[in-house]
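Chemist: fold the following and give me the result.
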Amino acid sequence: MNQRAHPHTTEMISPPPHLHGRWRHDPFLTVGTAIAKMWWPFWRPLAPLHDPALDDGVTTVRLVGREVVAADENVVALTFAAPDGGILARWHPGAHLDLLLPSGRMREYSLCGDPADRLTYRIAVRRIPDGGGGSVEVHDTLEVGDLVSIKGPRNAFPLAVPGHGSPARSVRFIAAGIGITPILPMLAAAKRFGLDWSMIYTGRSADSIPFRDEVARFGDKVTIRTDDADDTSGGPVGLPTMEELLGPVDPETGRAPAGLAVYCCGPVPMLERLRRHLSDRPDIELHYERFSPPPVENGFPFTVTLASTGQQIDVAADETALAAIRKVLPSVPYSCQQGFCGTCKVRTLSGDIDHRDNILTEPERAAGTFLTCVSRADGDHLTIDL
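Modeler: From the prediction side, this is the model:
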């Protein structure tokens, strides 16, 4: 049956009478409202309302396990649990935690445990002596029993399962060194879903790659290949080729097969080689996560002025604003250095911005919010609220 809506208006001049002609207002509601207004000033402090604006997403967890997971002893796995032993927030392969360190530094670390385990989170941290100080602080100061603040989990590197969100027919995992951390839960998921998958695990040496024993349980699905292994001539094999990284080729074309989904976590040079190699392959999905900043592309030099001091900082064409600012303010907060965590966010007081991030909303951009790790001046100068 077809129905047609007819426009109409209703104007209420006076409150309608009670259905049985007794009261125009409900007496119980009137009395209850009067009592609530009278007592509100007294019981309001005892029953504070939740203010979403005050929820910063920080959770406190306890460090309950610490294990060295690489033969060179430079990688430590940390396991966290809720202080009361309760259930933790759910996560999926590829997710990470923001670790808020006692020094005030915030660093992101991939979750590398079992997503089905709702009682613990596990991360792994490689010690980098000449890095930004976060990994050294983790290795040297965090002890079992310590309470640690975290944010997340969050996922910027999700696994799209073939047949369940991806048109791919097979999956190739590529991990380099500490890049195994987001990949490890993906391997378990691929096995659980019965996917057609394989993996290459690369590193500088056999001693430097973590979780070798855990990876070994996947058998011949995984190839472990290190740069210092001997080739047929007795010398080191060096860096892996694209053919080694991408695995078995299509016998008809001699290239990586169509319908392949590639998941890679490793150093920037490896990722850039993969991107260039697959640039003409729209039939192959490439998903990747870096553990170091991407190179600056199409950059121009500009100057940043710190509003608090008036100091001017030159930013080179191949340098990020964050890197230049850190030379003057080493303690300035940052984390991902890739434009998706927001830790380095500052307010711009003057100048136009070339936004290159992945997270800011249009209102935030219009208000002058600036991510120093990736974005740049759309011109020759910015003044920022630092």
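
Chemist: next, the contact list for Arg365, please.
Modeler: 353, 355 (C-beta atoms under 8 Å, 6 or more residues apart in numbering). For glycine as for every other residue, the C-beta is placed from the backbone atoms N, C-alpha and C.

Chemist: likewise for His355?
Modeler: Going by C-beta under 8 Å, 6+ apart, His355 touches 365, 371, 375.

Chemist: try Asp98
Modeler: Going by C-beta under 8 Å, 6+ apart, the list of residues near Asp98 reads 106-108, 150-152, 154, 335, 341, 343.

Chemist: just Leu286 next, same as before
Modeler: Contacts of Leu286 by C-beta under 8 Å, 6+ apart are 262, 264, 274-275, 278.

Chemist: which ones among the contacts of Asp98 lie within strands?
Modeler: Using DSSP state E, the subset of the contacts of Asp98 located in strands is 106-108, 150-152, 154.

Chemist: could you pull out the helices in the stretch 1-150 of the chain for me?
Modeler: Listed in chain order, the helices of the stretch 1-150 of the chain (DSSP state H, counting those that start in this stretch) span 27-43, 134-141.

Chemist: comparing the ones you listed by mean pLDDT, which bottoms out?
Modeler: Among the helices of the stretch 1-150 of the chain, helix 27-43 has the lowest mean pLDDT, at a mean of 62.

Chemist: can you put the ones in strands among the contacts of Asp98 in TSV and add pLDDT?
Modeler: Listed next are the ones in strands among the contacts of Asp98 as TSV, based on pLDDT from 0 to 100:
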residue	pLDDT
Met106	86
Arg107	90
Glu108	90
Ile150	95
Lys151	90
Gly152	89
Arg154	89
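
Chemist: out of the residues you listed, who's nearest Leu245?
Modeler: Distance to Leu245 across those (C-beta to C-beta) is lowest for Glu108, with 24.5 Å.

Chemist: correct me, but the closest one touches Ala95?
Modeler: No - using C-beta atoms under 8 Å as the test, Glu108 is too far from Ala95 to be in contact (10.4 Å).

Chemist: backbone dihedrals for Met242, please?
Modeler: Met242 adopts backbone torsions of phi -60, psi -40, taken as degrees, to the nearest 10.

Chemist: residue contacts, it?
Modeler: Contact analysis of Met242 by C-beta under 8 Å, 6+ apart lists 273-274, 277.

Chemist: format those as a markdown table; extra columns: neighbour count, secondary structure and pLDDT.
Modeler: A markdown table is the format used below for those (neighbours: other C-beta atoms under 10 Å; DSSP: H, G, I helix; E, B strand; the rest coil; pLDDT from 0 to 100):
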| residue | neighbour count | secondary structure | pLDDT |
| --- | --- | --- | --- |
| Arg273 | 16 | helix | 92 |
| Leu274 | 19 | helix | 93 |
| His277 | 18 | helix | 94 |
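
Chemist: closest to Met199 among the residues you listed?
Modeler: Leu274 (14.5 Å).

Chemist: ok, the closest one touching Tyr288?
Modeler: Yes - with contact defined as C-beta under 8 Å, Leu274 counts as touching Tyr288 (7.1 Å).

Chemist: how near is Ala175 to Gly104?
Modeler: Taking C-beta to C-beta, to the nearest Å as the measure, Ala175 falls 31 Å from Gly104.

Chemist: those two: who's more crowded?
Modeler: Taking other C-beta atoms under 10 Å, Ala175 and Gly104 do not tie; Ala175 has more neighbours (27 against 8).

Chemist: give me the phi and psi angles of the more buried one.
Modeler: With angles defined as degrees, to the nearest 10, Ala175 sits at phi -130, psi 140.

Chemist: which ones are touching it?
Modeler: 183, 199-202, 264-266.

Chemist: that one - nearest residue in space that isn't next to it in sequence?
Modeler: The spatial neighbour of Ala175 that comes closest, neighbours along the chain excluded (C-beta to C-beta, 6 or more residues apart in numbering), is Ile183 at 4.3 Å.

Chemist: phi and psi next, for the one you found.
Modeler: Dihedral angles (degrees, to the nearest 10) for Ile183: phi -80, psi -30.

Chemist: tell me the confidence at it?
Modeler: Value for Ile183, per-residue pLDDT: 97.

Chemist: burial check on Asp357, number of neighbours?
Modeler: By the criterion of other C-beta under 10 Å, Asp357 has 22 neighbours.

Chemist: please apply the same query to Lys191.
Modeler: Lys191: 13 surrounding residues under other C-beta under 10 Å.

Chemist: repeat that for Val136.
Modeler: Using other C-beta under 10 Å, Val136 is surrounded by 15 other residues.

Chemist: you'd agree it is up against Asp130?
Modeler: No - with contact defined as C-beta under 8 Å, Val136 does not count as touching Asp130 (9.5 Å).

Chemist: returning to that earlier point: just give me the closest of the contacts of Asp98 to Ala82.
Modeler: Nearest to Ala82 among those is Ile150, at 10.8 Å by C-beta to C-beta.

Chemist: tell me the spacing between the closest one and Val315.
Modeler: According to C-beta to C-beta, Ile150 stands 32 Å off from Val315.

Chemist: could you do Gly152 as well?
Modeler: Applying C-beta to C-beta to Gly152 and Val315 gives a distance of 30 Å.
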